[in-house]
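Novice: predicted model follows, preceded by the sequence.
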Amino acid sequence: MLDVRDLSAWIGGSHILQGVTFGVEGTGVTALLGRNGVGKTSTLRAILGELPATGSVTVDGEPVLGRPTHRLVRAGLGYVPEDRCVFAGLSVAENLRLACRVPDPDYDTVYSLFPELRTRARQRAGTLSGGQQQMVAIGRLLLNPNRLLLIDEPTKGLAPKVVAEVTAVLAQVAQRVPILLVEQNLAVVRRLAGTAVVLAAGRVAWQGEAADLLGDADRTRSLLGVGSTGLGRGAASDAPSQSSRRGDH
Ligand SMILES: Nc1ncnc2c1ncn2[C@@H]1O[C@H](COP(=O)(O)OP(=O)(O)OP(=O)(O)O)[C@@H](O)[C@H]1O
C-alpha cells in the first residue's frame, strides 16, 4: 500500500537518503531497521513531507511526496515520532481530544486497547511514565481512521516489562492497520514484524521476511551489528547501544 522509490534527501550538505526503495504491505508490521544514523527516522520524515526529498512515494497508488504533512495525516498516515510529542501540560483526555479530526472519534477502540487512558483521563500527560505516554501517542492516532501508521522507536528507553506491554498493544493495533515500524529491539521486531527492510548508509541493504533476517545470525550481525541469539528471551534483550539510551519506566 506504501511504495517508496528512489527516495533521496540531504541534510546540511550530507546525502542522508541515497535512493531508498521499498514497499509496505497493506497488513501487519514492516520493520525498518539499521544501525544508528543510517537514515531510518529521516526516511519516515521524508515520507511524511517533514524532510524535503526527491523520488516517489505513493499510498495505494496515489503520489504523496511533497504534500504538506497535515494533508498526509488527514489522508490517513498516522505518525508517532521518537519523542512521542505528547502535550506534557495537558491531561490525557485533553491530549486525546486535541487529536480528534473526525466527528465520531473511535474512543471505543482506544479505551479497549488502552484502558488506562480512561482511568488516567485527568492526569497530566507530563506525569505519565514513558510507556503510558507511548499509549497516549498511539491512542490518539487510533481515534481517527488510518491507512498506515509510521511509528519511530516506540520501545526506546522503556523498562523490559513496559516494552512487553507496548509490544502487545502494537500487535493488536497491527491487526487493524498496517504499521511501518522503526525499532532497534530485535525481540520486538521478531514478535511483531512479518517483513523487514534494512537500511545501510542511506540505502536499502536488505529486505525480505523478518524471520529470514533474524534467523540468520551472520546476516543480522553484518547488517545490524548485533547477534540474533537469545531473541526470544526478553523484549529488551537485543537492542544495540542500550547502554547509551535513557532509562525510563
Ligand atoms: N537535523 C539534523 N541535522 C544534522 N544531521 C542530521 C539531522 N537529522 C539527522 N541527521 C543525520 O542524518 C543521519 C541519519 O539520521 P536518522 O535520524 O535518520 O538516522 P536513524 O537511522 O534514525 O538513527 P538512530 O537509529 O540513531 O535514530 C545521521 O547521520 C544523523 O546524524
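Specialist: Good, I have the coordinates.
Novice: I figured Ser91 hits Gly126, correct?
Specialist: No. Assessed by CB atoms under 8 Å, Ser91 is found out of contact with Gly126, at 9.9 Å. Backbone N, C-alpha and C define where each C-beta goes, glycine included.
Novice: of those two, who's got more company?
Specialist: Neighbours were tallied for Ser91 and for Gly126 using other CB atoms under 10 Å; the higher tally belongs to Ser91 (17 against 12).
Novice: what is the more buried one paired to in the beta sheet?
Specialist: Using DSSP bridges, the beta-bridge partners of Ser91 come out as Arg124.
Novice: list the residues that contact it.
Specialist: The contact partners of Ser91, by CB atoms under 8 Å, 6 or more residues apart in numbering, come to 121-125.
Novice: which one of these has the most neighbours?
Specialist: Ranked by neighbour count (other CB under 10 Å), the contacts of Ser91 have Ala125 at the top, with 22 neighbours.
Novice: okay, and the helix or strand of the protein with the least pLDDT?
Specialist: Counting by mean pLDDT, DSSP states H and E, the weakest-scoring helix or strand in the chain turns out to be helix 69-74, with a mean of 87.
Novice: which residues touch it?
Specialist: For helix 69-74, using CB under 8 Å, 6+ apart, the contacting residues are 48-50, 64, 79, 101.
Novice: the residue nearest to the spatial centre of the chain and the ligand, how far apart?
Specialist: Among the residues of the chain, Ile151 comes closest to the average C-alpha position under CA atoms, centre = their mean, at 1.7 Å. Shown here: Ile151 relative to the ligand, a distance of 13 Å by CB to the nearest ligand atom, to the nearest Å.
Novice: you'd agree that residue is in a strand?
Specialist: Yes. With DSSP: H, G, I helix; E, B strand; the rest coil as the criterion, Ile151 is located in a strand.
Novice: got the contact list for it?
Specialist: Contact criterion CB under 8 Å, 6+ apart gives 79-80, 138, 170, 179-182 as the residues in contact with Ile151.
Novice: and the gap between it and Arg71?
Specialist: In this structure, Ile151 and Arg71 are 20 Å apart, going by CB to CB, to the nearest Å.
Novice: same check on Pro115?
Specialist: Per CB to CB, Pro115 is found 33 Å from Arg71.
Novice: hmm, back to that, list just the nearest of the contacts of helix 69-74 to Ala193.
Specialist: Using CB to CB, Tyr79 is the member of these that lies nearest Ala193, at 18.3 Å.
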